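Colleague: Sequence plus the predicted model coming up.
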Amino acid sequence: MKLQFAMDTLTTEAALDLAAAAAPHVDILELGTPLIKSEGLSAITAIKKAHPDKIVFADLKTMDAGELEADIAFGAGADLVTVLGSAGDSTIVGAVTAAKKHGKGVVVDLIGVADKPARAKEVIALGAEFVEMHAGLDEQAEEGFTFATLLRDGEASGVPFSVAGGVNASSIADVQKAGAQVAVAGSAIYSAPDVGAAAAELRAAIV
Ligand SMILES: O=C(CO)[C@H](O)[C@H](O)COP(=O)(O)O
């Protein structure tokens, strides 16, 4: 299982510092949606330039204009981009078209999708690399939210998936047991007093 670090920060400078500390322990460096909205495509280019050996993941959360948005992010240096699972099929197909042109990939984020296993199967058939079983920051704060639902949905989907939203040192072993290809951790790493040590702890929990 790969480890993805979601850098939910607002400046390229802060992201470069986080990436430098965590890179030895992670496989995928994710530019969070707020970072891309704050700094634009130049942040993607800066992270890829500093870490050419890492998979750079641009969390665009595209909802429309799939081909155009994916094309500009791949052009800036992204290896993977996200499109929302609630977007229309044509938006996902558009992003996949751009990915094929660049030799890169599309991840479909199932945040907010009611029947995640069913939509997961559909978007993999449209050409997505894998889906993200994702509970957003707001959903995690809702009453009754349980992380176990994400794992069950991943297992039920029968397709390659990542898990995002609340992954930490206590939960990452369960993510692996559920069969995820990728565990995504944001605040468990970037909020830690020692970012490198937090990333190393998560890496050590993966067998
Ligand atoms: O994409 C996101 C929010 O939309 C986050 O990066 C992702 O959910 C990681 O969350 P956490 O900080 O709980 O690990």
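Modeller: Ah, there it is.

Colleague: Which residue, neighbours along the chain excluded, lies closest to the residue in the chain that the ligand sits nearest to?
Modeller: Residue nearest to the ligand within the chain (Cβ to the nearest ligand atom): G186, separated by 2.8 Å. In short, each C-beta sits where N, CA and C put it, glycine included. Nearest residue to G186 in three dimensions, chain neighbours excluded: A6, at 3.5 Å (Cβ to Cβ, 6 or more residues apart in numbering).

Colleague: Now the one you found: which helix or strand?
Modeller: In this assignment (DSSP states H and E), A6 forms part of strand 2-7.

Colleague: Skip ahead from that strand and say which helix or strand is next.
Modeller: Next in sequence after strand 2-7, counting helices and strands by DSSP H and E, comes helix 12-22.

Colleague: Going along the chain, name the strands of this protein.
Modeller: When assigned using DSSP state E, the strands of the chain occupy the ranges 2-7, 28-31, 55-62, 80-84, 105-109, 130-134, 161-164, 182-185.

Colleague: how about CSV for those, with mean neighbour count added?
Modeller: Output for those, formatted as CSV (neighbours: other Cβ atoms under 10 Å):
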stretch, mean neighbour count
strand 2-7, 23
strand 28-31, 25
strand 55-62, 25
strand 80-84, 26
strand 105-109, 27
strand 130-134, 27
strand 161-164, 28
strand 182-185, 26
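
Colleague: All set, thanks.
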